[in-house]
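Engineer: From the sequence below, what's the structure:
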Amino acid sequence: MTKWKKAKIELSNAAEKKPVPIVADAVVASRGMAEGRMIPLLIIDTSQRGDIEDMVRAHEHFGPGDATSAWALPSRFDKSRIRLVLSVTKPGRCVIILEFDVALQGGVVDQIVHAQGVYLQPGRPGDRLVSTIEKNRILVEVPSTEFRNDWDRIFQTALNKEFRRRGLPRSKAKQASQDFMNEWRRFGAIRMKSD
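Structural biologist: Numbering: from 1, shown residues only. The predicted structure follows:
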């Protein structure tokens, strides 16, 4: 049974309505952080969102903050895209909407759902983690246990469509989707060993 529901989000300005472009993604694992789990890192284009850059800088000086998160569909009729809405309330207030194309970025969403968190790093188009490793970033908790069953269906459907588009018959596409999800999650479950 689905738990999707309508909700209103308080916005401070018109810029918060638009999804913030994702320019790169990676995974990060650290000893002593999140039990060594691999957590996705998203470099987001904040060239039009100085409020996000200010909030990330404030975290450096004021320590951990508060944020809530929600998964959303841009349209109830189309599950090819999914959004993660982050509402940061402390140390600075801002709303960040991240939109993912499930067929292209479903693996990243799956890692966020299973890690129940995401690193956000302000950046510009062309930035990559390898060249911006020293930049400030924040870790945002994304509790996703209630969303996980819905996500599994959305992800599997998108994978089925992609395998069918590539020429696999329906039964083989379904098996290939399940095999891909199992292997992807096995990889995502690797943890960095503590000392």
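
Engineer: Secondary structure element holding residue 97?
Structural biologist: Here residue 97 sits within strand 94-101, counting by DSSP states H and E.

Engineer: And residue 185, by the same measure?
Structural biologist: Assigned by DSSP H and E, residue 185 falls within helix 170-188.

Engineer: Average pLDDT for that helix, rounded please.
Structural biologist: Over the span of helix 170-188, the pLDDT mean works out to 91.

Engineer: What of stretch 141-154?
Structural biologist: Averaged across stretch 141-154, the pLDDT comes to 92.

Engineer: ok, back up a step: now do the buried residues in the strand holding residue 97.
Structural biologist: Neighbour counts over strand 94-101 (16 or more other C-beta atoms under 10 Å) mark 94-100 as buried. Glycine gets a C-beta too; all of them are placed from N, C-alpha and C.

Engineer: Check which helices and strands the helix or strand that comes right after it sits against.
Structural biologist: Later in the chain than strand 94-101, the nearest helix or strand by DSSP H and E is helix 102-115. With contacts defined as 3 or more C-beta pairs under 8 Å, 6 or more residues apart in numbering; DSSP states H and E, helix 102-115 has these neighbours: strand 22-28, strand 39-45, strand 81-90, strand 94-101, helix 148-165, helix 170-188.

Engineer: Need the winner for burial among the ones you listed.
Structural biologist: The highest average neighbour count among the helices and strands packed on helix 102-115, using mean count of other C-beta atoms under 10 Å, belongs to strand 39-45 at a mean of 22.

Engineer: and it with strand 22-28, angle?
Structural biologist: Here the directions of strand 39-45 and strand 22-28 differ by 160 degrees (axes from the mean of the first three to the mean of the last three C-alpha atoms, to 10 degrees).

Engineer: what's the spacing between strand 39-45 and its chain's center?
Structural biologist: Counting by C-alpha atoms, centre = their mean, to the nearest Å, strand 39-45 is centred 8 Å from the centre of its parent chain.

Engineer: So which elements touch it?
Structural biologist: On a contact count with 3+ C-beta pairs under 8 Å, 6+ apart, strand 39-45 meets strand 22-28, strand 94-101, helix 102-115, strand 117-123.
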